[in-house]
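Participant: Sequence unavailable; structure follows:
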């Protein structure tokens, strides 16, 4: 895989004019990563449906293509051919912008994630903060969707989404601080490089908090209150149909995949093979070549855990959700920072940089 | 200094088409933020004049109609009418038929409770339990299909017995199902009972006190969940229920969790009744005398109630001596149970509406009739 990157760099260096080269260098990796993510999402939808069917003692989609893998393509085609209904009282501009605001940040954040050795669109030195900043735009889109639909269920869903996002973003941010302290950098590449011992060993509490909070951020069961179908019909996307609905739908899967990607990058060594620092130089290089494979495998694992949780747990209630964030997760995250900073300061064992 | 925020109430029209109103119930819910301030249930969307139809049709023609009163536990709706007609008409029922009635009634009770369990958990947001519950329900439906030829509207009980004798080996299949099902209940309880999210959603939610339950005429698991030990099968035994040994599970606080526990325990008791009935069932005919199509019963009246999965289901029958009843009144448990809803929901959270309403196990055709 690294060969591809080198090949691309070599071809790029043949282009004479620097502005053209820069423009191409911006476009090609972005398109590559976006198409990779979109391609994966279709597989994810199929995989979730198969896995949840396995949990629920049924078969799931198994007709179209090998194991039913083309089912999600057929569904996507169907949903695109649907009529795009805008309700009469809707605020048309916001109604149209909302799905874009939910969809685009979900794709945009992938430019900051190192999906393999050297495979990153832009290595920003404040990547984590940029990541969180971009991904919180999603909430704005959901609120817009809820408000502009002019539907009470949608509005309730939108309000719930904002309340939830505000509550859970704080412990989410605080739980990453430990990782940043250990890596000594905000750059994702540096964080992956710093994990000779995976961060899960050094930050178990941080990981648990992070996982719960990000589960809430992506609105998956047990935190799917903004779209709780037994309470709010379909929540913020009740009035959406056709392609706009598809964008919400895809965004949810992209975000869930992002959850896995972030768990992998921050706590499970990113694209690195387990214990690759013990393999010696040749082993290190060989496993690094296949970085993207390890990355996707790890991410898929976390996605599967999310699906598994969906099959097991009921939904929490709004007030319990808030109480959980402020009463338990926030103090636990602060404690995690405190303990980590002490260990990092004395440089004890695995905590040494 | 305190600052007072003026908040505006939102009125939400929940239903008649809403994913979790279990049919066509309409709830006009007033909410202040997430807190419910008032609920007005609107019923009648599924009214099919089932009681009125009794005055136009003779007893035989009317019988398939009552299956539609309660489509989830069909035998429970057939049984009180049959008993009432038999009481007024002095029709004898052979012993084997009584046992078959008990077996089918208990099977449909399990069927109904399984369906409730699935939809209740679905209301709470857990999607898996309904698949497991329907898997087991499917086995009962298959058994009933083998017995009656139908999967839902059995039309199996006849005045003076049941339609047909048991197929060969059917009792063994029921026995096997009992063994299998006891294992499955444990599986559900492993999945549900200690789940902290589930407990926080149901414990202390929707508390119905003993006094409220009695005042509103609640029935079945709701009454028992509030700690009142009553069951028509024990209090006024009909059919052959006095020959079986079973417990009446009761709750302590009357919250949603108690109603859940009561129903789970009731399924176990049903299995126990099924096993006893299969051991005791005598040979013999299952219909003493085939009645003519438009048979007449003498003038008179009778009220008969049975313990349906949702509580006491009663039929008040007035006969005027012809082949058609002059009045049939169904006293359905769902109707009286649902009256408590506004009382319990005031002050609850929006999400609690589903948890509490789900725990009531209301079947809308039974409410509207």
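Facilitator: Cool, got the structure. Computed from a predicted model, the values in this text were never measured in an experiment.

Participant: Phi and psi next, for the closest residue to chain B within chain A.
Facilitator: At 2.8 Å from chain B, residue A:315 is the closest residue in chain A, using CB to the nearest CB. Where C-beta positions appear, they are placed from N, C-alpha and C, glycine not excepted. Residue A:315 adopts backbone torsions of phi -90, psi 140, taken as degrees, to the nearest 10.

Participant: can you give me the helices for the stretch 151-300 of chain B?
Facilitator: B:170-192, B:196-202, B:210-215, B:221-225, B:232-235, B:256-280 (DSSP state H, counting those that start in this stretch).

Participant: out of those, which comes closest to residue B:133?
Facilitator: helix B:170-192 (7.5 Å; CB to CB).

Participant: quick check: angle from that closest one to helix B:256-280?
Facilitator: 160 degrees (axes from the mean of the first three to the mean of the last three CA atoms, to 10 degrees).

Participant: Okay, and the residue nearest the centre of chain A sits in which element?
Facilitator: Among the residues of chain A, the one closest to the centroid is residue A:258, at 1.5 Å (CA atoms, centre = their mean). In this assignment (DSSP states H and E), residue A:258 forms part of helix A:242-267.

Participant: what pLDDT, on average, does the very next helix or strand once past that helix get?
Facilitator: Per DSSP H and E, the first helix or strand lying C-terminal to helix A:242-267 is helix A:280-289. For helix A:280-289, mean pLDDT rounds to 75.

Participant: All the helices of the stretch 51-200 of chain A, in order from the start?
Facilitator: A:71-81, A:92-108, A:127-135, A:137-148, A:152-183, A:188-193, A:199-202.

Participant: highest average neighbour count across these?
Facilitator: helix A:137-148 (a mean of 24; mean count of other CB atoms under 10 Å in any protein chain shown).

Participant: Any residue of that one touching chain B?
Facilitator: No. Using CB under 8 Å from any CB of the partner chain, we find that helix A:137-148 stays clear of chain B, coming within 13.0 Å at best.

Participant: can you list the residues that contact that helix?
Facilitator: A:90-95, A:97-103, A:105-106, A:154-159, A:161-162, A:165, A:226, A:235-237, A:240, A:248, A:251, A:255 (CB atoms under 8 Å, 6 or more residues apart in numbering or on different chains).

Participant: tell me the angle of that helix relative to helix A:92-108?
Facilitator: Put simply, helix A:137-148 runs at 160 degrees to helix A:92-108, going by the same axes, to 10 degrees.

Participant: Poorly predicted segments of chain B, please.
Facilitator: B:1-3 (pLDDT under 70).

Participant: Residue in it with the shortest distance to chain A?
Facilitator: Closest point on chain B to chain A, by CB to the nearest CB, is residue B:125, at 2.8 Å.

Participant: close enough to count as contact, residue B:91 and residue B:159?
Facilitator: Yes. The criterion here is CB atoms under 8 Å, and residue B:91 meets it with residue B:159 at 5.6 Å.

Participant: so what sits against both of those two?
Facilitator: In contact with both residue B:91 and residue B:159: B:85, B:291, using CB under 8 Å, 6+ apart.

Participant: Up against chain A, what does the stretch 151-300 of chain B have?
Facilitator: So far as CB under 8 Å from any CB goes, the stretch 151-300 of chain B lies against chain A at B:191, B:195, B:197, B:198, B:200, B:201.

Participant: Let's have those residues in CSV, adding neighbour count.
Facilitator: Converted to CSV, those look like this (neighbours: other CB atoms under 10 Å in any protein chain shown):
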residue, neighbour count
B:191, 17
B:195, 18
B:197, 20
B:198, 25
B:200, 16
B:201, 25
